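S.K.: here is the input, now give the coordinates:
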Amino acid sequence: MLKGKLKSSILTAMLGAGMLLAGCSSETTQPQSNTETPQQDAPSAEANIGDQVNFQLIGIDPGAGLMKATAQAIEDYGLADWELVEGSGAAMTAALTKAYENQEPIIVTGWTPHWKFAKYDLKYLEDPKGIFGADEDIHTIARLGLKDDHPSAHAVLDKFHWSPDDMAEVMVSTIDGKEPVEAAEAWIAKNESKVNEWVEGVEPVQGDQITLAYVAWDSEIASTHVVAAVLEQVGYKVELSQVEAGPMWAGVAGGDADAIVAAWLPTTHADYYQQFDGQFEDLGANLKGTKIGLVVPSYMEINSIEDLK
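M.R.: Presented below is the predicted three-dimensional model:
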């Protein structure tokens with residue numbers, strides 16, 4: 001067909017030839033561009049993870065030892081471009097929930113026991129440098145003199161211990177809509193034998209008042225409400241004081257709070273333990289086998305903190 005047009009005139013032939021050359025050039029150049037672009041603009045998931053999450057690590061309250069450990073990890077792993085976002089436990093879980101529901105990438109500061117591991121498929125990033133330490137325990141800390149002033153409360157607090165699965169059950173009930181008091185009472189009703197161990201031989205009281213302090217972590221909301229409910233069964237009038245980690249420890253050391261069941265040791269609350277050493281009584285671990293670190297949804301193709309570089 002093109003040859004027929006070439007016969008009509010020399011001008012038409014020259015124009016047709018020019019158009020043909022232009023067309024051939026376009027057809028050969030475009031495929032080359034489409035082939036090269038993915039090779040240049042599609043880095044691996046590991047190399048691109050910073051861009052995917054805006055180089056942000058979603059944290060909790062700034063006073064937590066977990067935040068201090070994360071800041072140390074940023075330094076030790078050479079993550080100068082990364083930002084540790086301060087907030088709260090509730091803000092962190094809200095951000096995680098939103099990202100998870102949309103299958104979006106996110107990196108949060110995390111700990112177990114926590115209900116998010118029961119709700120979502122998550123994983124800890126490996127920590128080759130050991131910045132976040134080994135598994136931790138949660139301790140019960142009492143003010144000095146509590147044993148003399150409230151021997152029954154001291155006895156219950158000293159005997160209190162449970163498992164990560166116990167704690168997770170209360171946390172999930174709360175997240176599913178129950179008030180913390182209701183979730184605690186439901187767990188107690190199902191675990192009478194365990195609770196009986198805590199109150200065995202304890203003398204009942206008549207409305208004596210005791211104050212428990214705690215941080216607004218779902219784990220500590222669960223444990224503190226369970227202990228409060230058991231103390232009320234013994235006859236105490238329990239006041240709950242929700243504060244940040246620093247004031248929680250200062251309250252026990254100064255006598256404004258009678259006890260806490262929320263001391264994460266030896267890493268998370270190490271600074272407070274050292275700061276107030278000698279001003280409290282450590283009743284030992286009430287839960288063993290906790291963990292802290294950086295957490296991501298399992299659908300993310302990243303396995304180690306070193307992959308953030």
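S.K.: which stretches of the stretch 51-200 of the chain have low pLDDT?
M.R.: For the stretch 51-200 of the chain, no stretch has pLDDT under 70.
S.K.: mind jotting down where the strands sit in it?
M.R.: Shown for the stretch 51-200 of the chain, the strands assigned by DSSP state E, counting those that start in this stretch span residues 56-58, 83-85, 108-112, 122-124, 136-143.
S.K.: mean neighbour count and distance to Tyr77 added to these, as CSV?
M.R.: The way it works is simple: take the backbone N, C-alpha and C, and place the C-beta from them, glycine included. Shown next, in CSV, are these (neighbours: other Cβ atoms under 10 Å; distance: least, Cβ to Cβ, whole Å):
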stretch, mean neighbour count, distance to Tyr77
strand 56-58, 20, 11
strand 83-85, 16, 12
strand 108-112, 23, 14
strand 122-124, 19, 15
strand 136-143, 23, 21
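S.K.: let's have these in a markdown table, adding distance to Gly254.
M.R.: As requested, the strands of the stretch 51-200 of the chain are exported to a markdown table (distance: least, Cβ to Cβ, whole Å):
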| stretch | distance to Gly254 |
| --- | --- |
| strand 56-58 | 32 |
| strand 83-85 | 30 |
| strand 108-112 | 27 |
| strand 122-124 | 36 |
| strand 136-143 | 8 |
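S.K.: identify whichever of those strands lies nearest to Val261.
M.R.: Evaluated over these, closeness to Val261 peaks at strand 136-143, with 4.9 Å, by Cβ to Cβ.
S.K.: tell me how far Met300 lies from Ile210.
M.R.: 45 Å (Cβ to Cβ, to the nearest Å).
S.K.: scratch that, Ala94
M.R.: 33 Å.
S.K.: looking at these two, which has the bigger crowd around it?
M.R.: Using other Cβ atoms under 10 Å, the more surrounded residue of Ala94 and Ile210 is Ile210, with 24 against 13.
S.K.: and whichever strand or helix holds the more buried one with strand 136-143, angle?
M.R.: Using DSSP states H and E, the element containing Ile210 is strand 209-214. Here the directions of strand 209-214 and strand 136-143 differ by 150 degrees (axes from the mean of the first three to the mean of the last three Cα atoms, to 10 degrees).
S.K.: buried residues, strand 209-214. List them.
M.R.: Neighbour-count burial for strand 209-214 flags Ile210, Thr211, Leu212, Ala213, Tyr214 (criterion: 16 or more other Cβ atoms under 10 Å).
S.K.: stretch 182-196 too?
M.R.: Of all the residues in stretch 182-196, those buried under the rule 16+ other Cβ under 10 Å are Ala183, Ala184, Glu185, Trp187, Ile188, Val195.
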